[in-house]
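Enquirer: Fold the stuff below for me.
(2 chains)
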Amino acid sequence: GEDVEQSLFLSVREGDSSVINCTYTDSSSTYLYWYKQEPGAGLQLLTYIFSNMDMKQDQRLTVLLNKKDKHLSLRIADTQTGDSAIYFCAAGLGGNMLTFGGGTRLMVKP
Amino acid sequence: GAGVSQSPSNKVTEKGKDVELRCDPISGHTALYWYRQSLGQGLEFLIYFQGNSAPDKSGLPSDRFSAERTGGSVSTLTIQRTQQEDSAVYLCASSLSQGGGYTFGSGTRLTVV
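Expert: Residues are numbered from 1 along each chain as shown, chains lettered A, B, ... in the order given. Below is the predicted model of the structure:
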């Protein structure tokens, strides 16, 4: 089955860019997602990308997909303290279940 | 409703008691999922309902855990004879059958004392 891996922790300074990385194993994955979880809350869908795309930009967020290497990244420009949260990567095949990574805890230092 | 609603938001129970957690998905979403998140951990898949198909129960950790979904809408996750290791946040999500990602509820924080 699918396996999704993320690094556990990332620390950046306010105003810098953050890059959160994710790898997955199933090359058939069609949909790839990024979720944000703030303390005490559920997961909030941030953005997603289809496997036929290699980049998607949405305001401060840029998603890059390297299908050959099965590597997904989320770049947050001008990172703010409010971006401090856990970020989860997820991969899936359309109507089927998503497989989630273990989450990357982003800490933004003022 | 506008979002996925879970109740209660917090539940403290004594070891050995049964608990029921409720999830009300977005109207029209045919798929419903339960996940468990222990403190500081990732998501552990529990069970998945898709339309009228038999649920995928492959993630349920023991036979003390069960879930049902009535009328293709509201779902109840039941934990019998709770143990301290059941303490976690239980998250419910729903989705349309094709893509679009999941919409999560805010979760139920279960504490077994």
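
Enquirer: residues in contact with A:Tyr31?
Expert: Listed by C-beta atoms under 8 Å, 6 or more residues apart in numbering or on different chains, the contact set of A:Tyr31 reads A:48-51, A:91-94, A:98, B:99, B:101. No exception for glycine: its C-beta is placed from N, CA and C like everyone else's.

Enquirer: Is it possible to get CSV of the residues you listed that adds pLDDT?
Expert: What follows is the contacts of A:Tyr31, written out as CSV (pLDDT from 0 to 100):
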residue, pLDDT
A:Tyr48, 90
A:Ile49, 91
A:Phe50, 89
A:Ser51, 88
A:Ala91, 91
A:Gly92, 85
A:Leu93, 75
A:Gly94, 63
A:Leu98, 85
B:Gly99, 57
B:Gly101, 79
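
Enquirer: Kindly report the residues of chain B close to chain A.
Expert: B:4, B:31, B:33, B:35, B:41-43, B:45, B:48, B:50, B:56, B:91, B:93, B:97-107 (C-beta under 8 Å from any C-beta of the partner chain).

Enquirer: buried subset of those residues?
Expert: Buried subset of those (neighbour count, 16 or more other C-beta atoms under 10 Å in any protein chain shown): B:4, B:31, B:33, B:35, B:42-43, B:45, B:48, B:50, B:56, B:91, B:93, B:101-107.

Enquirer: mind listing which of those are in strands?
Expert: With strands taken from DSSP state E, the overlap with those comprises B:31, B:33, B:35, B:45, B:48, B:50, B:91, B:93, B:103-104.

Enquirer: Go through those residues and name the one nearest chain A.
Expert: B:Phe104 (3.9 Å; C-beta to the nearest C-beta).

Enquirer: I'd like to check which residues are in contact with the closest one.
Expert: Contacts of B:Phe104 were listed using C-beta under 8 Å, 6+ apart, and they are A:35, A:42-44, B:4, B:91-93.

Enquirer: so which of those comes closest to A:Lys56?
Expert: Here the nearest of the contacts of B:Phe104 to A:Lys56, counting by C-beta to C-beta, is A:Tyr35; it sits at 15.1 Å.

Enquirer: What separation do you get for the closest one and B:Leu46?
Expert: Distance from A:Tyr35 to B:Leu46, counting by C-beta to C-beta, to the nearest Å: 17 Å.

Enquirer: So for the two, which sits in the more crowded spot?
Expert: Set side by side, A:Tyr35 and B:Leu46 show more neighbours around A:Tyr35, with 26 against 21, by other C-beta atoms under 10 Å in any protein chain shown.

Enquirer: Please enumerate the helices of chain A.
Expert: Using DSSP state H, chain A contains no helices.

Enquirer: Provide a list of residues in contact with the spatially most distant residue from the centre of chain A.
Expert: The centre of chain A is farthest from one residue, A:Pro110, which by C-alpha atoms, centre = their mean lies 22.5 Å away. For A:Pro110, the contacting residues are A:13-14, A:81, by C-beta under 8 Å, 6+ apart.

Enquirer: ok, those residues vs chain B, which is closest?
Expert: For these, the residue nearest chain B by C-beta to the nearest C-beta is A:Thr81; the value is 20.2 Å.
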